[in-house]
Structure formats: structure tokens, C-alpha cells
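Asker: coordinates only, sequence not included:
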């Protein structure tokens, strides 16, 4: 992500991340377990996220807190990307056993099972393999894609049905994951 002087506030950088990945505020909030009013306030400069929310944002989007807060023009560091990868790998490994999450439907569960058994996911869990096959920026983008995939196949038990309909339209994420699994083997 090339930085320029147009995005100088935390809110502008948060907005930039959300738009870069094609997320509405509702989808962004679902992904990060946030309230839409907070995100709207952050993006318009009427509020600021807590340090915990900034850390969650950084790990979900693989960007450093220094970049989010405008201290550094460099969004990705090896430390942050590796930490973000470890986090999403653990979340994906734990998804089936987490009683707080359920799969949307059988198709979503089947895709998730194929994903977990794929050589892509097996290799992805190995840091030297990731470092050898992917550039740091690609690894950072893949973390975001995997978070979207996780949100797209399963949801928290208490999520209202109206929100489920807004989130599940990210079918392109499922297709992208399937394409990644195929390309990884070639």
C-alpha cells in the first residue's frame, strides 16, 4: 500500500482500509465486531478508536499501529504481518470447535472443510513456506481475505437475521478462496 499525504488521520486511514477491500460500514463492523455509529464517527473525525480497537484493526488488516496513527508511512512490517497470520490461522483452526459460531449452511461448512484439508491451508500454516512463496504485501492481503472468508462461512450465534443477509453477499470471497486453493497446487 503506497502511502501519500492524502490520508493523514486515523479516520481517513480506517476509511481507506474499508474502501480498499470493498466493505460497507455494516460489513466492516461485522468483521471487527464494532458498532456502525463508532466507525462512522471515526471516519468523519468525530471520535477515535480505543487502543484495543486499533490493535484489532491492525491485526485484521495486517497494518501497523504506527501506520494507522499516522506515525509511519509504512503499513506492513514483518512482525505485524506474521502476528496477523498467526491470529487468523488460530481462529480458523478453532472455528469448528467454537460454540459461539455456527456455519451459515451446509455449502459453507463443506467449503470450510475443503479449505482446512487443502494443501494451501496446510502450507500456509508454515511461516517459512509463506515467506518463500508470497511477498509481504501479498501475505497482508491474504490475512484480510481469510478474515472475510471466516466471516463469510460462519457467524456468531446471536447475530440477527437482518445482519446475516448483509454479510453473506460476499460470495466473491468464497470463489477467491477456491481459486487460491487450486492455484497453490499448480
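Answerer: That came through fine. Note that this is a predicted model, so its numbers are computed, not measured. Residues are numbered from 1 along each chain as shown.

Asker: Once you drop chain neighbours, what's closest to residue 59?
Answerer: Leaving aside its sequence neighbours, residue 59 sits nearest to residue 84 (C-beta to C-beta, 6 or more residues apart in numbering; 4.8 Å). In this view, the C-beta of every residue, glycine as well, is placed from N, C-alpha and C.

Asker: can you tell me which residues contact that neighbour?
Answerer: Counting by C-beta atoms under 8 Å, 6 or more residues apart in numbering, residue 84 touches 58-62, 140, 143.

Asker: Kindly indicate which of these lies nearest residue 12.
Answerer: residue 61 (14.3 Å; C-beta to C-beta).

Asker: any idea how far residue 145 is from the closest one?
Answerer: Separation of residue 61 from residue 145 (C-beta to C-beta, to the nearest Å): 11 Å.

Asker: Between these two, point out the one with more neighbours.
Answerer: The residue with more neighbours, out of residue 61 and residue 145, is residue 61; 27 against 16, by other C-beta atoms under 10 Å.

Asker: Which residue is the nearest non-sequential neighbour of the more buried one?
Answerer: Nearest non-adjacent residue to residue 61, counting by C-beta to C-beta, 6+ apart: residue 17, 5.1 Å away.

Asker: In this structure the one you found contacts residue 57, no?
Answerer: Yes. Taking C-beta atoms under 8 Å as the definition, residue 17 is a contact partner of residue 57 at 7.4 Å.

Asker: Pull the number of nearby residues for residue 178.
Answerer: Residue 178 has 15 neighbouring residues, counting by other C-beta under 10 Å.

Asker: tell me which residues in the host helix or strand of it are buried?
Answerer: Element membership for residue 178, per DSSP states H and E: helix 171-185. Judged by neighbour count using 16 or more other C-beta atoms under 10 Å, the buried positions of helix 171-185 are 173-174, 177, 180-181.

Asker: and stretch 28-36, average pLDDT?
Answerer: Stretch 28-36 shows a mean pLDDT of 86 in the predicted model.
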